[in-house]
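S.K.: kindly generate the corresponding structure for this input.
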Amino acid sequence: MKRTLLSIFMATATAVSFGQNPIVQTNYTTDPAPMADGDRMYVYTGHDEDNANFFWMNDWRVYSSADMVNWTDHGSPLSLASFSWADGRAWAAQTIKRNGKYYWYVCAHSKLSGAMAIGVAVGDSPTGPFKDAIGKPLADGNWDYIDPTVMLDDDGQAYLCWGNPRIYFCKLNKDMVSIDGQVEKIPMTAEGFGGPTFSERQKGVKYKDSYVEGPWIMKRNKHYYLLYAAGGVPEHIAYSMAKKPFGPWKYMGEVMPLSNTGSFTNHCGVADFKGHSYFFYHTGKLPKGGGFGRSVAVEEFKYNKDGSFPIIQPTSTGVQPIGTMNPKNRVEAETMAFSKGVRVEQNEETGVYVSDIHNGDSIVVRMLDFGTTSPKSFTASVASALQGGKVEVHADKPDGKLLCTLTAPYTGGWEKWQTVDANLNEEITGVHDLYFLFKGNQGAKLFNFDWWQFK
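M.R.: Below you'll find the predicted structure:
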């Protein structure tokens, strides 16, 4: 009899309690824009630089998951260097699919106008490669041209919104890279957004709320939604609803109230995937994180019966798995549920791989289904320019059953890859979480890690 996912999860969840938010630990990630495509959820993010004292951001990144707990890092297929007209501030962005192509709408500082601008890149797959679709900004010349969000309506009409501290909007032509008509502004009223923009507020009047930035436009079951960062600094997430793509809008209240996220900004994205609804946002919860070192997190939620949003609180736990992985297939090392200490790098030949591995670092991969027949060995691709190190592979918890210890040798360089094997000490069947614990000389970088597989 086929096991249900719930029974599999209950069997493994008793072993250890997970805290999986933020969902990426190898980089700071910001402004999540989820997109479900086929059997994977993709999340397009910004990237705060380490030790930043402002929103210094130079590239955008992509992550994906089939089970919502193990996220594969696809690196940075788009950066400021992808746009000849851009020279700084690679801020919030969103990607949408149409007619087999993927359109990535970004904002960046424009060399042409000396202000912010909206651009668009295009690719043939959700992970690229992407290129500037038109060689110039789609909309240019204003400091509040930031945070684009895009929606494709049921009738095929695409809409684009952006802006801080007011919302600009336009229709897109079917080519998705040109504007149909004029760029307009959505009226910022108390009825629509809880209050006018701060510059238009009347003294002594108490308003419910105020739109600030980071719009997210979407449609679900004939309802149009506009979610956004609101209230000033620090920001909470609020939303408005409408019966038409651009209103009139009705302010509905808060979605994620102010809470201890560790970041004075917030930015959300919402998507349905495999029968579940997910709310993505960012926090400052990684080590050395904060308002300029933000990290993407996710919560599952259910809409209210009338289609409105519930109140969603940030958690460190995150979401539950909705699938399993096959460890007898090749698994990229940059696919992980949680990690400690490691980073990632990429190049054209290898793609993305795990780097900066030191003694005491670790990677957790969840919900691996070994089936009814135990594998006999563990194989991995590693590279080291120094002394190398070891990988201890444990089942279910850090001090759980030791399946094997794999030795990563000196290979002649940090990108000189060698495939190494280790026989299993113990049999393993069924569904388990795995802990990769890295061991070696204290303080030294040990090796890089590209992929692994049980055989």
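S.K.: and the strands in the stretch 301-450 of the chain?
M.R.: 331-332, 335-336, 338-340, 343-347, 351-355, 362-369, 377-383, 389-395, 402-408, 418-423, 431-439, 448-454 (DSSP state E, counting those that start in this stretch).
S.K.: turn those into a markdown table, columns for mean neighbour count.
M.R.: Where you see a C-beta, it was placed from the backbone N, CA and C, and this is true even at glycine. Listed next are these as a markdown table, based on neighbours: other CB atoms under 10 Å:
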| stretch | mean neighbour count |
| --- | --- |
| strand 331-332 | 20 |
| strand 335-336 | 24 |
| strand 338-340 | 19 |
| strand 343-347 | 16 |
| strand 351-355 | 22 |
| strand 362-369 | 22 |
| strand 377-383 | 21 |
| strand 389-395 | 21 |
| strand 402-408 | 19 |
| strand 418-423 | 14 |
| strand 431-439 | 22 |
| strand 448-454 | 23 |
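S.K.: can you list those in TSV and add distance to residue 222 and mean pLDDT?
M.R.: TSV is the format used below for those (distance: least, CB to CB, whole Å; pLDDT from 0 to 100):
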stretch	distance to residue 222	mean pLDDT
strand 331-332	40	98
strand 335-336	37	98
strand 338-340	39	97
strand 343-347	41	97
strand 351-355	40	98
strand 362-369	36	98
strand 377-383	50	98
strand 389-395	48	98
strand 402-408	51	98
strand 418-423	54	98
strand 431-439	39	98
strand 448-454	45	98
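S.K.: wait, which of these is closest to residue 286?
M.R.: In terms of CB to CB, the element of these nearest to residue 286 is strand 338-340, at 10.9 Å.
S.K.: which helices and strands does the closest one pack with?
M.R.: strand 362-369 (3 or more CB pairs under 8 Å, 6 or more residues apart in numbering; DSSP states H and E).
S.K.: quick check: residue 259 vs residue 272, distance?
M.R.: To residue 272, residue 259 is 24 Å away according to CB to CB, to the nearest Å.
S.K.: hang on, the earlier thing: of the strands of the stretch 301-450 of the chain, give the one that comes closest to residue 299.
M.R.: Nearest of these (CB to CB): strand 338-340, 16.5 Å.
S.K.: about what we covered before: adding distance to residue 153, write the strands of the stretch 301-450 of the chain out as a markdown table.
M.R.: Shown next, in a markdown table, are the strands of the stretch 301-450 of the chain (distance: least, CB to CB, whole Å):
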| stretch | distance to residue 153 |
| --- | --- |
| strand 331-332 | 36 |
| strand 335-336 | 34 |
| strand 338-340 | 38 |
| strand 343-347 | 36 |
| strand 351-355 | 35 |
| strand 362-369 | 36 |
| strand 377-383 | 45 |
| strand 389-395 | 48 |
| strand 402-408 | 51 |
| strand 418-423 | 49 |
| strand 431-439 | 41 |
| strand 448-454 | 41 |
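S.K.: which one of those strands lies nearest to residue 291?
M.R.: strand 343-347 (21.7 Å).
S.K.: which other helices and strands contact that closest one?
M.R.: Applying 3+ CB pairs under 8 Å, 6+ apart, we find strand 343-347 packed against strand 351-355.
S.K.: CA atoms of the strand it packs on as PDB?
M.R.: Extracted as PDB, the C-alpha positions of strand 351-355 are listed here (Å, rounded to 0.1, in the frame of the first residue of the first chain):
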ATOM      1  CA  GLY A 351      27.500  26.000 -12.500                       C
ATOM      2  CA  VAL A 352      26.700  26.600  -8.800                       C
ATOM      3  CA  TYR A 353      28.600  24.600  -6.100                       C
ATOM      4  CA  VAL A 354      29.100  24.700  -2.300                       C
ATOM      5  CA  SER A 355      32.200  26.500  -1.200                       C
END
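S.K.: how far is that strand from where the chain is centred?
M.R.: Chain-centre distance of strand 351-355: 17 Å, with CA atoms, centre = their mean, to the nearest Å.
S.K.: what is it packed up against?
M.R.: Using 3+ CB pairs under 8 Å, 6+ apart: strand 351-355 touches strand 343-347, strand 448-454.
S.K.: just put those in CSV and tack on distance to residue 432.
M.R.: What follows is the helices and strands packed on strand 351-355, written out as CSV (distance: least, CB to CB, whole Å):
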stretch, distance to residue 432
strand 343-347, 24
strand 448-454, 11
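S.K.: between these, which gets nearest to residue 397?
M.R.: Between the helices and strands packed on strand 351-355, strand 448-454 lies closest to residue 397; by CB to CB that is 18.6 Å.
S.K.: outside of that closest one, which residues touch it?
M.R.: 327-333, 342, 345, 350, 353-355, 357, 370, 375, 377-384, 391, 408, 414-415, 417, 424 (CB atoms under 8 Å, 6 or more residues apart in numbering).
S.K.: again, only using 6 Å
M.R.: Contacts with strand 448-454, where a contact means CB atoms under 6 Å, 6 or more residues apart in numbering, come from 327-328, 330-333, 353-355, 375, 378-383, 414, 417.
S.K.: between that strand and strand 431-439, how big is the angle?
M.R.: Per axes from the mean of the first three to the mean of the last three CA atoms, to 10 degrees, the angle that strand 448-454 makes with strand 431-439 is 140 degrees.
S.K.: what about the residue nearest to residue 44 when sequence neighbours are not counted, how many neighbours?
M.R.: In this structure, residue 44 finds its nearest non-sequential neighbour in residue 33, 4.4 Å apart by CB to CB, 6 or more residues apart in numbering. Neighbour count of residue 33, defined by other CB atoms under 10 Å: 29.
S.K.: what's near enough to touch residue 33?
M.R.: Contacts of residue 33 by CB under 6 Å, 6+ apart are 44, 94, 269.
S.K.: ok, what's across the strand from the second one?
M.R.: Spelled out, it's residue 94. residue 105 (DSSP bridges).
S.K.: surely it meets residue 152?
M.R.: No - with contact defined as CB atoms under 6 Å, residue 94 does not count as touching residue 152 (11.6 Å).
S.K.: settle it for me: which of the two has more neighbours?
M.R.: Set residue 94 next to residue 152 and count neighbours by other CB under 10 Å: residue 94 wins out with 26 against 16.
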